[in-house]
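Peer 1: Take this sequence and fold it.
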Amino acid sequence: MATTYLTRLWRATRTLVPTQVYPWLAPAYRWRRRRQLAQLEADDRTYRAAHPGVLAPAADLRFNVAGPCTIPQFFAMGDRMLDDIEAALQSVGAPLSPGTRFLDFGCGVGRLVLAMRRRELQLDISGCDVDRRAVDWCHAQLPDVPVRLNAELPPAPFPDAAFDVIWCGSVFTHLDERHQDVWLAELRRMLAPGGVLLASVHGPKAWEPLLPSWAIRKVQRQGLVFTRTDADAGVHPEWYQVAWHTEAYIRQHWQAYLDVRRYIPRGLNDHQDLVVASKAR
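Peer 2: Okay, the predicted model is just below:
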């Protein structure tokens, strides 16, 4: 009851709260997280009893990459993500096909990999993430998928021109411009000529209903705004916070690294925007 009340209060007042105050709210977020995890763990025990042998990460690992979701919700998110990826690739004439060399950059605990397995896609898939616990889970549960631990900054542990498609789901939504730019250059290095980068960003759907009007004007003026929240202190690295982008910024700034072919508003789960870019042949 208390968790529900606080959630409703936050939603009702968030557009009045300056973003500089967000770090002060971190203790409340962490309290809410503990309560939500307790409920998810109880839900998991019931679900796993009815579905023995189900391959799904523990509640806290799921929370780290997808928020407070049950096992069925986690699977549904992966299916929806895969739908959106396939639609975006189709829109630029680059559909997934058997043997496509696919990198899930920021793979977490294999949400997308598990969805691909359910559809029996015959892809050459690899993954990487900065979260050692997530990578360890993938090593233990998905041993046939090469998943590597990468550092805060390049280089990534893959060779040049290694991939036909690189997916960055909710990665650039958490990086400042310095981290963004060095990783754009590194992703370009790993893409094969003609390869496609798909990346989600926080566009207007993610900031217009949430931010104070002055903060929205700042995003619109600057094109990229990075804000510290400290909500996930102790879970995610301190440099991993929240970023908001505009389409104009993406088209101008990212063009220095890759050819921005499409910008799809609400292209991921009807919430985050999708950038479709390619490397010159």
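Peer 1: can we go C-alpha only for contacts and neighbour counts from here?
Peer 2: Noted.
Peer 1: Report the contact partners of the closest residue in space to residue 281 that isn't next to it in sequence.
Peer 2: The shortest distance from residue 281 to any non-neighbouring residue, by C-alpha to C-alpha, 6 or more residues apart in numbering, is to residue 193 (4.3 Å). Neighbouring residues of residue 193 by C-alpha atoms under 8 Å, 6 or more residues apart in numbering: 161, 279, 280, 281.
Peer 1: Show me which of the residues you listed are buried.
Peer 2: 161, 279 (16 or more other C-alpha atoms under 10 Å).
Peer 1: would you say residue 196 is within a helix?
Peer 2: No: with DSSP: H, G, I helix; E, B strand; the rest coil as the criterion, residue 196 is assigned strand and is not in a helix.
Peer 1: mind checking how far it is from residue 94?
Peer 2: Distance, residue 196 to residue 94, by C-alpha to C-alpha, to the nearest Å: 8 Å.
Peer 1: Then residue 47?
Peer 2: 38 Å.
Peer 1: So for this protein, the centremost residue is which one?
Peer 2: Nearest to the mean C-alpha position of the chain, by C-alpha atoms, centre = their mean, lies residue 170 at 2.2 Å.
Peer 1: Can you tell me the SS state at the residue nearest to it when sequence neighbours are not counted?
Peer 2: Among residues not flanking residue 170 along the chain, residue 200 sits closest, at 5.5 Å (C-alpha to C-alpha, 6+ apart). Recorded secondary structure, residue 200: strand (three-state DSSP).
Peer 1: For residue 200, give me its contacts.
Peer 2: Residue 200 neighbours (C-alpha under 8 Å, 6+ apart): 168, 169, 170, 171, 172, 173, 268, 272, 273, 274, 275.
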